[in-house]
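1. Predicted structure and sequence below. I'll ask about it afterward.
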Amino acid sequence: MFPKGQMRRALLILVALLVVVRACVASDDEPWSLLEAAPSTTLGRQETLRPNGDTIKSGTTIEPGTEYRYPIYVHCGIEWLGEFNDVLWKADVPAGVLDYVPAAWARAIGDNQRVTATLALSSNPDPVITATVNEVEITYRPATTNPPGCD
């Protein structure tokens, strides 16, 4: 059918293509094509943010129905959000996973090892804070323990 050299080249091209496709989907929360631009790291819901759109700090009192911009330090993962409304907040992340950061969030990390998330507090039925980056949400609940140290 085909000369041996052509078959070998075609097989190598096919394997290379499969490796590229696999790399696009591997360890990613949401697959994206090499032909598409990576998802935007800008917030698309500016009109629902605090009136001035500034970021908030840990220790702030936040209210349901308002979205806040909050820079999360991701050096040791995103398990611990910070303190809001006099409560420490811990993520629902896979047990035993150290330094967990979703791939969609990792693409938005700046040079200062921070990613700016949009936070929204809801209290129905139990209080939760939802942090969103690149349309990927992480849910935080009131913590029952203190956070461990981070090196």
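-> Ah, there it is. Numbering: from 1, shown residues only.
2. Every contact and neighbour count from this point should use C-alpha atoms.
-> Noted.
3. where do the strands sit along this structure?
-> 67-73, 80-84, 87-91, 114-122, 128-133, 136-142 (DSSP state E).
4. Can you add mean neighbour count and distance to Thr55 and give the ones you listed back as TSV?
-> Shown next, in TSV, are the strands of the chain (neighbours: other C-alpha atoms under 10 Å; distance: least, C-alpha to C-alpha, whole Å):
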stretch	mean neighbour count	distance to Thr55
strand 67-73	21	5
strand 80-84	20	13
strand 87-91	20	18
strand 114-122	21	8
strand 128-133	21	13
strand 136-142	18	18
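5. For this protein, give me the ranges with low pLDDT.
-> Scanning the chain for pLDDT under 70 picks out 1-53, 94-98, 151.
6. Now do the helices in it.
-> Taking DSSP state H, the helices of the chain run over residues 4-25, 103-106.
7. so what's Thr61 up against?
-> 84-86 (C-alpha atoms under 8 Å, 6 or more residues apart in numbering).
8. repeat that with 7 Å
-> 84-85 (C-alpha atoms under 7 Å, 6 or more residues apart in numbering).
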